[in-house]
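**Student:** how would this look folded up:
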Amino acid sequence: MATKLNNNAEPQIAAVILQLERALFHLASAQQEDAVAVERVDDVSVHRGDAPEIQEQDKHSVQKGGTVLGDRSKGLWRTLQIWLTQIEERGALCTKYLIATNVVAEGKIASALRDMALQQVSIESLLQIVRTAGKGRRGTQIQGLIDDVLRRSDEQLAALFSRIELVERVDWMEARPIVANGLGVDPGVDQNFVVRALLGWVAETLAASWRSGQPGEISRKACLLQVHAIIRQLVRQRLLPRPASDVPISDAERAHAQTRDFVARLTDVRADDETVFEAIEHFLQFGAERHRLAAEGDIPLREWGDRGNRLRQRWRGVARQTAIEEAHRPAQELGLLILARTAFTHLEPIGQEPCHELYMTSGHYHRLADDNQIWWLPSSEGPNHAG
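**Tutor:** Below is the predicted model:
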């Protein structure tokens, strides 16, 4: 039986993903002028101006039900050492120091931090627990790290520990709606899609900054702009008609459409069978897709009227220009040219959005022809003269 190989990269990858998720979480709760950084002064940090307001260390365990931050764990004491050193170098403390983990922090120190957050233990009692937990065998590597932390005065340690918060059992699935709400994602769109897209954007943006030798930092303003860009993309996709191959037409619909007035307008100019068949397809596909888009409420009804007006205006211009340039041709040949120049290649936008499906323009023209609002034969036989 094959055995599962131990993937040494898994813990590192999982830890990086946690940092990205936490960075986006902080962007969702940051103030307007804040920026969030990854691997700048800490695993994740929130900056206001040049100063960090929040620093966070992320501790990830790939073991289900695993624990982290034991009383003598290197991760805990190294984190404390880093923060104390930074405070001494900067001469200032952050508003908060967070330790975020996807599991439960173990040990008496972690328990005391929880109790202090609930105001069930004093800072003095917590420091006593910290100093007691720090006693151990001299000469060990971890003891040297602990001793370096505990050489600070109670005042120094109290200043730091009073600002430390544990964030345990971090769950990205539970965090997604909080992120969506914090960034003002419209509940009318797929919020999970937006948050997933934002997470990918955070990763790409940070990677680009690091490649260029810049700090990995993202402003909340940039994040909000990206939210709007993703939502616009989603709305644009809803406005886009389906590909022609996804709008099926039945034989019965084709047969019924052959009796419509727009087919008679094609007969007036002796359009060939292929042109008539394509016109019927486009006419029916346009009708089906216009109904779907209107039913979903994404396109105001007025836009269809405005679009029809634009298409009629364009048809008039094409008809006049063709009549002038091709004045020597018989009426039916002129009509075919007007049809071809009007409906064969033109792609009319829907609102402000480009529309690349030909049937949505060609079919709309045939709908106008069916309503006797346009025609192809340049004569006085129509309800109005083309010129």
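
**Student:** report the contact partners of the nearest residue to A117 once chain neighbours are set aside.
**Tutor:** Of all residues not flanking A117 in the chain, E165 sits nearest, at 6.3 Å (CB to CB, 6 or more residues apart in numbering). Every residue, glycine included, has its C-beta placed from N, CA and C. For E165, the contact set (CB atoms under 8 Å, 6 or more residues apart in numbering) comprises K96, Y97, L98, I99, L113, A117.

**Student:** identify the bridge partners of E165.
**Tutor:** For E165, the beta-bridge partners under DSSP bridges are L98.

**Student:** biggest strand in the protein, by residue count?
**Tutor:** Criterion DSSP state E: the longest strand present in the chain is strand 51-59.

**Student:** tell me the spacing between the nearest residue to G335 once chain neighbours are set aside and V318.
**Tutor:** In this structure, G335 finds its nearest non-sequential neighbour in V269, 3.3 Å apart by CB to CB, 6+ apart. To V318, V269 is 14 Å away according to CB to CB, to the nearest Å.

**Student:** which residues does A158 contact?
**Tutor:** Counting by CB under 8 Å, 6+ apart, A158 has contacts I123, E124, L127.

**Student:** try 10 Å
**Tutor:** By CB atoms under 10 Å, 6 or more residues apart in numbering, the residues touching A158 are S122, I123, E124, L126, L127, R152.

**Student:** neighbour count, distance to Q191 and pLDDT for those residues - can I get that in CSV?
**Tutor:** Shown next, in CSV, are those (neighbours: other CB atoms under 10 Å; distance: CB to CB, whole Å; pLDDT from 0 to 100):
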residue, neighbour count, distance to Q191, pLDDT
S122, 13, 42, 96
I123, 15, 40, 96
E124, 9, 45, 96
L126, 22, 39, 96
L127, 18, 44, 97
R152, 17, 45, 96
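
**Student:** list the ones among the residues you listed that fall in helices.
**Tutor:** I123, E124, L126, L127 (DSSP state H).

**Student:** wait, the third one touches Q119, no?
**Tutor:** Right, L126. No - contact criterion CB atoms under 10 Å: L126 and Q119 do not qualify, at 11.7 Å.

**Student:** ok, back up a step: now the contacts of E165 in a markdown table, with distance to Q233 and neighbour count?
**Tutor:** Shown next, in a markdown table, are the contacts of E165 (distance: CB to CB, whole Å; neighbours: other CB atoms under 10 Å):
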| residue | distance to Q233 | neighbour count |
| --- | --- | --- |
| K96 | 35 | 14 |
| Y97 | 38 | 23 |
| L98 | 33 | 22 |
| I99 | 37 | 24 |
| L113 | 43 | 21 |
| A117 | 41 | 12 |
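
**Student:** let me have these in TSV, adding pLDDT and distance to L199 as columns.
**Tutor:** Formatted as TSV, these follow (pLDDT from 0 to 100; distance: CB to CB, whole Å):
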residue	pLDDT	distance to L199
K96	97	23
Y97	98	24
L98	97	19
I99	96	22
L113	95	29
A117	93	28
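
**Student:** with distance to E278 added, can I get those in a markdown table?
**Tutor:** What follows is those, written out as a markdown table (distance: CB to CB, whole Å):
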| residue | distance to E278 |
| --- | --- |
| K96 | 66 |
| Y97 | 69 |
| L98 | 63 |
| I99 | 66 |
| L113 | 73 |
| A117 | 71 |
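
**Student:** list just the nearest of these to A208.
**Tutor:** L98 (26.1 Å; CB to CB).

**Student:** G49: how many residues sit nearby?
**Tutor:** Look at G49: counted by other CB atoms under 10 Å, it has 9 neighbours.

**Student:** find the nearest non-adjacent residue to it, please.
**Tutor:** Ranked by CB to CB, 6+ apart and with sequence neighbours excluded, the top spatial neighbour of G49 is E33, at 7.8 Å.

**Student:** residue contacts, the one you found?
**Tutor:** H47, R48, G49, S219, R220, K221.

**Student:** distance check, the residue lying farthest from the centre of the chain against K74.
**Tutor:** In the chain, counting by CA atoms, centre = their mean, H328 sits farthest out from the average C-alpha position, at 57.3 Å. Using CB to CB, one gets 92 Å for the distance from H328 to K74.

**Student:** quick check: buried residues in stretch 187-205?
**Tutor:** Neighbour counts over stretch 187-205 (16 or more other CB atoms under 10 Å) mark V189, Q191, V194, V195, A197, L198, L199, W201, V202, A203, T205 as buried.

**Student:** try stretch 241-251
**Tutor:** Burial within stretch 241-251, assessed by neighbour count using 16+ other CB under 10 Å, is assigned to P241, A244, V247, I249.

**Student:** correct me, but the third one touches L293?
**Tutor:** It stands for V247. No - assessed by CB under 10 Å, V247 is found out of contact with L293, at 11.6 Å.
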